[in-house]
Every structure is written in C-alpha cells, then in structure tokens.
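K.L.:
A predicted structure for the sequence below; I have some questions about it.
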Amino acid sequence: MKVAIQQLDNTYSDQLIDLILTIQQKEFNVPITIDDQPDLKQIESFYMVPGGNFWGAFIDGELVGSIALVKFDEREGAVRKMFVKKEFRGKELNIAQELLEVLIVFCRENGIDHIYLGTVNVLKAAMRFYERNHFVQVEKENLPARFPLMNADNVFYSLNINQTL
C-alpha cells in the first residue's frame with residue numbers, strides 16, 4: 001500500500017468531515033459535532049489564508065489521514081485535525097509520522113519556529129506519539145495568548161521546530 005500525502009482544499013470538506021467525526025464520535029466518544037468545527041467547511045479561509053495549511057494522506061484514492069496547521073502568530077502555529085483511520089494506524093504504514101513530518105517541513109520553510117497542540121487525555125496513543133516526536137507537555141495557562149483553544153482539549157504540547165531531527 002502506497003501512501004500519498006497532498007494538500008487539501010475546500011473540495012475535500014465532506015471526506016474530511018466523514019473521517020474526523022467518525023473517529024471523534026464513534027471510536028473515542030468525544031462529544032463534538034460538525035457545528036463545533038466549522039473550520040472543516042472552510043479549509044482555505046481558516047487554514048491557508050492566514051499562512052497555515054491542511055494535508056491529507058490517501059491510499060488508493062481514499063482519505064485515510066489528516067493534519068492541519070493554524071498559523072496564529074508570526075512564528076507560531078497550532079497542529080490541528082491530526083487523525084488516521086483506525087485500520088491504517090501504526091508503524092507499518094507510518095501515516096501519522098509522515099503527516100507530522102510534512103507539517104514540520106512546511107513550518108521550517110515558512111519561518112514557524114514553535115508549534116503547539118491540544119488533545120484529549122483519552123487519546124493515549126496520540127499522546128505517546130507526540131512525546132516520541134519531542135513534543136513537551138505544557139500547562140494550559142502557559143500556552144501563548146493567541147493559541148486557538150478547543151473546548152474538548154485538556155492536554156497540551158509544544159514543540160520547538162529548531163530543536164528537532
């Protein structure tokens with residue numbers, strides 16, 4: 001199985017909504033709806049116009065993973081919408097790792113030095129993944145003032161791009 005990672009735009013909204021809501025609601029029972037995430041219907045204006053981006057991982061034309069970057073300050077961004085379909089997770093395909101690396105390369109090329117993210121403490125595998133990738137846990141009150149908080153998130157991480165790899 002070959003994984004292809006490409007930039008996404010508004011034409012992928014429906015596929016993204018299907019991927020993400022299925023994982024959030026059905027797999028992890030996170031009480032979140034599409035109304036809580038209007039950004040999924042406005043990928044270009046929400047992510048790209050301010051200087052971030054959105055990527056998808058495809059296998060045989062099927063969207064199986066996603067990651068996004070919200071640029072919220074001159075040199076800072078927030079990782080959002082990092083999801084991989086259950087049956088495509090793990091080291092074998094390494095989709096999450098590839099998605100994260102695409103995002104980090106984008107940050108380096110665009111002068112973004114620090115990235116932050118929020119997650120939910122039930123997502124233990126996600127937390128281990130971030131920690132393996134040198135993300136450091138930060139207290140909510142120590143996040144940058146302009147960090148775009150999501151209501152569901154209760155664990156936060158930061159990564160200094162220049163100290164990795």
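P.N.:
Happy to help now that I have it.
K.L.:
so residue 143 touches residue 153, yeah?
P.N.:
No. Residue 143 is beyond contact range of residue 153, at 10.1 Å (criterion: C-beta atoms under 8 Å). For the C-beta atoms, the positions are set from N, CA and C on the backbone; glycine is no exception.
K.L.:
so residue 118 is in which element?
P.N.:
Assigned by DSSP states H and E, residue 118 falls within strand 114-119.
K.L.:
what's in contact with the longest helix seen in the chain?
P.N.:
When the chain is scanned for its longest helix (criterion: DSSP state H), the result is helix 95-109. The contact list for helix 95-109 (C-beta atoms under 8 Å, 6 or more residues apart in numbering) reads 3, 5, 53, 55, 57, 64-67, 69, 77, 79, 82, 84, 88-89, 112-113, 115, 129, 133, 161, 164-165.
K.L.:
hmm, which of these are the buried ones?
P.N.:
Buried members of these, counted by 16 or more other C-beta atoms under 10 Å: 3, 5, 53, 55, 57, 64-67, 69, 77, 79, 82, 84, 88-89, 112, 115, 129, 133, 161.
K.L.:
Could you look up the next helix or strand downstream of the longest strand along the chain?
P.N.:
With secondary structure taken from DSSP state E, the chain has its longest strand at strand 62-73. Downstream of strand 62-73, the first helix or strand assigned by DSSP H and E is strand 76-84.
K.L.:
so that following strand versus strand 114-119, what angle?
P.N.:
In terms of direction (axes from the mean of the first three to the mean of the last three C-alpha atoms, to 10 degrees), strand 76-84 departs from strand 114-119 by 40 degrees.
K.L.:
helices or strands next to strand 76-84 in the packing?
P.N.:
helix 13-21, strand 62-73, helix 95-109, strand 114-119 (3 or more C-beta pairs under 8 Å, 6 or more residues apart in numbering; DSSP states H and E).
K.L.:
worst-scoring helix or strand of this structure, pLDDT-wise?
P.N.:
Within the chain, no helix or strand scores below helix 124-132, which has a mean of 95 by mean pLDDT, DSSP states H and E.
K.L.:
Residue 86: what's it in contact with?
P.N.:
By C-beta under 8 Å, 6+ apart, the neighbours of residue 86 are 23, 27.
K.L.:
Look up phi and psi at it.
P.N.:
phi -50, psi -50 (degrees, to the nearest 10).
K.L.:
Show the pLDDT at it.
P.N.:
For residue 86, the pLDDT comes out at 95.
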